[in-house]
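Engineer: A predicted structure for the sequence below; I have some questions about it.
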Amino acid sequence: MSKSLADNSYQIDKECLIDENEDVITSISMSTESDYFQEKKVEFSATDDKTGFVSFLWKNHIPEKIVFVLAVANLFVWAFGLCVVPWILPYYYTICAPILLALRIRWYLGPVKWHLFMLDFCYIANITCMVYLWAFPNNEHLFHMVFAMGNGPLLWAVALYRNSLVLHSLDKMTSIFIYLLPAYVTFGVRWYPELAGQHWYTIFLQQHTGPDLVWLVATPLALFVAHSMLYVFIIYIIVRPSDEYLDSYRYFTSDENSIQYKLANLFGPRMRLVVYYTVCYFMCTCMLLLTWMWYQYFVAHVVFLAIVFVGPNVERR
């Protein structure tokens, strides 16, 4: 477990990022959530809590327990939607995504200084998925693109960021939702289009042709590259935030003993950012190329989804 953050402080100490264990984000998230809840407890106690009811809730970890119950219920919805009634998932995704993202924005844009994470590619992919569902559900090219992003970089991010099912953590469950749900929604549309669109406002594309590598690989990769270049230009050339503002690049290169740091530092500190994004482009290309297999073969797609869901949680045990 990483070192705890200082009491009533949301400043992320760089030493917390260079830890002997690899559970960096989980440790920071848990300790930050705990500090955030304690801060809110004091705030409520001083203002609205005249009866002591709010203090009772925080003292007995009622918010975490509520998150736990909702998270378990959501697991049943995911399983039921994947295996029995695929038409549930588009509605479920449409309702839950804005709520969870609003809560995450409220938290990440607060004193924790995780603002830059809100600019990650995963949010672009989720927005694209929402546009497909509600605006162009019969557009096969756009579906290829959404399928590739959801079953490519987003699913692999579960392992890269070492996400797992921490059922009492709203932040961890939100991350799991963001990374997994686009893949689950596109799974239903790809393999059970009639059932997935049974109660949708219009039918999904019923006949899927062979995978188009232009839309399955080239277009998502171009979007990924364009997003990263714009991000680097704005954040690292124009804005230049201090080191206390964490993002994916700083997260992966914070530990000098990690493989990511050594790989990004092959040509020295001056080229670290360039090498890091070059490696990202290569990895993204490989992930997108593999989606051809998930798109073509049902069994391969099912096995991959199962491995991504189970793998990180088994590793943590």
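Structural biologist: Great, that's in hand. Numbers count the residues shown, from 1 in each chain.
Engineer: show me where pLDDT drops low in the stretch 1-150 of the chain?
Structural biologist: 1-60 (pLDDT under 70).
Engineer: how does it look with 50?
Structural biologist: In the predicted model, the stretch 1-150 of the chain carries pLDDT under 50 at residues 1-47, 49-50.
Engineer: Can you check which helix is longest in this protein?
Structural biologist: Longest helix in the chain by number of residues (criterion: DSSP state H): helix 272-296.
Engineer: Tell me the helices and strands packed up against that helix.
Structural biologist: Packing partners of helix 272-296 (3 or more CB pairs under 8 Å, 6 or more residues apart in numbering; DSSP states H and E): helix 140-151, helix 153-160, helix 219-231, helix 248-252, helix 259-264, helix 298-316. C-betas here are computed from N, CA, C, even on glycine.
Engineer: ok and that helix relative to helix 140-151, angle-wise?
Structural biologist: 120 degrees (axes from the mean of the first three to the mean of the last three CA atoms, to 10 degrees).
Engineer: and helix 272-296, which residues are buried?
Structural biologist: 272, 275-277, 280, 284-285, 287-288, 290-292, 294-295 (16 or more other CB atoms under 10 Å).
Engineer: What of stretch 94-103?
Structural biologist: Ala97, Leu100, Leu101.
Engineer: Likewise for stretch 161-173?
Structural biologist: Residues of stretch 161-173 classed as buried by neighbour count (16+ other CB under 10 Å): Tyr161, Asn163, Ser164, Leu165, Val166, Leu167, His168, Ser169, Leu170, Asp171, Lys172, Met173.
Engineer: can you name the two of those that are farthest apart?
Structural biologist: The distance between the two most remote of these (CB to CB) is 18.8 Å, for Tyr161 and His168.
Engineer: hmm, back to that, would you pull up how far the longest helix of the chain lies from the middle of the chain?
Structural biologist: 17 Å (CA atoms, centre = their mean, to the nearest Å).
Engineer: Contacts for that helix, please.
Structural biologist: Applying CB atoms under 8 Å, 6 or more residues apart in numbering, the contact partners of helix 272-296 are 144, 147-148, 151-153, 156, 190, 210-211, 213, 216-217, 220-221, 224-225, 228, 232, 236, 249, 252-253, 260, 263-267, 300-301, 304.
Engineer: Name only those of those that count as buried.
Structural biologist: For those, a neighbour count by 16+ other CB under 10 Å gives the buried set as 144, 147-148, 151-153, 156, 190, 211, 216-217, 220-221, 224, 228, 232, 249, 252-253, 260, 264, 301, 304.
Engineer: Near the closest residue to Asn163 other than its chain neighbours, how many residues? Count them for me, please.
Structural biologist: Here the nearest residue to Asn163 in space, its sequence neighbours aside, is Ser175; by CB to CB, 6 or more residues apart in numbering that works out to 5.1 Å. Applying other CB atoms under 10 Å, we find 24 other residues in the vicinity of Ser175.
Engineer: Does Ser175 lie in a helix or a strand, and which?
Structural biologist: Per DSSP states H and E, Ser175 falls inside helix 170-191.
Engineer: Need the mean per-residue confidence for the helix or strand following that helix.
Structural biologist: Scanning forward in sequence from helix 170-191 by DSSP H and E, the next helix or strand is helix 193-196. For helix 193-196, the mean pLDDT works out to 93.
Engineer: Quick check: next helix or strand after helix 193-196?
Structural biologist: Using DSSP H and E, the helix or strand that follows helix 193-196 towards the C-terminus is helix 213.
Engineer: Name the surrounding residues that touch whichever helix or strand Ile127 is part of.
Structural biologist: If you go by DSSP H and E, Ile127 is part of helix 121-135. Helix 121-135 is contacted by residues 90, 93-94, 97, 101, 139, 142-143, 145-146, 149-150, 153-154, 157, 178-179, 181-182, 185-186, 223-224, 227-228 when judged by CB under 8 Å, 6+ apart.
Engineer: how does it look with 6 Å?
Structural biologist: For helix 121-135, the surrounding residues in contact (CB atoms under 6 Å, 6 or more residues apart in numbering) are Pro90, Leu142, Val146, Met149, Leu154, Ile178, Pro182, Phe224, His227.
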